[in-house]
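In: for reference, the sequence and a predicted model appear below.
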Amino acid sequence: MKRNLLYLAGFIVVIISSCKKKNEPTRQDYLTTGKWKMVSLEYKVGTTGTWIDGYAAMQACKKDDETAFRPDGVYLVTEGATKCSPTDPSTVMSSTWSLSSDIKKIIFPAPLPEWVILKLDETELSYTYTMDIGPFVNYYRVIMQH
């Protein structure tokens, strides 16, 4: 009886130890899976400025543009289903990107600003960035979704 219990206990230990926990997606996995579309854009001038809805004022042909972060470090913004002009190229912007060592920022080469990630999961990327424009600093908050 004791021997059977020992075998059973050993069997259970082997089974439990052989079960691998599924690898959870990383921030890079979330970022590089699929294409992103902007669903919200707010901005303000200076730290005391009032947040303004910039998305509402965007042209419809810009609202459907798609952003992709490829695993090879290429960043692409492409025209969505609606081009602002039929002669516009399909690729709006192309650059490179990387994640900061603490995985809290998306880094682009100058003159593009770095994005501070607020949220990144399988459905949403939200971030902030700043831009110096003349004597003012403009602050931006953006939400993108798959």
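Out: Nice, I can see it.
In: just the strands from the protein, written as ranges.
Out: 37-45, 52-53, 66-69, 74-78, 91-96, 98-99, 105-107, 115-120, 124-133, 136-145 (DSSP state E).
In: and of those strands, who's closest to Ala60?
Out: strand 37-45 (12.2 Å; CB to CB). All C-beta atoms are positioned from the backbone trio N, CA, C, and that covers glycine.
In: buried stuff in stretch 37-55?
Out: Met38, Leu41, Glu42, Tyr43, Lys44, Gly54, Tyr55 (16 or more other CB atoms under 10 Å).
In: endpoint to endpoint, that stretch covers what distance?
Out: 12 Å (CA to CA, to the nearest Å).
In: ok, now stretch 29-42?
Out: 26 Å.
In: what's near enough to touch Thr47?
Out: Going by CB atoms under 8 Å, 6 or more residues apart in numbering, Thr47 touches Val137, Tyr139.
In: any idea how far Val45 is from the residue nearest to Gly34 when sequence neighbours are not counted?
Out: Nearest non-adjacent residue to Gly34, counting by CB to CB, 6 or more residues apart in numbering: His146, 4.8 Å away. Distance of His146 to Val45, computed by CB to CB, to the nearest Å: 31 Å.
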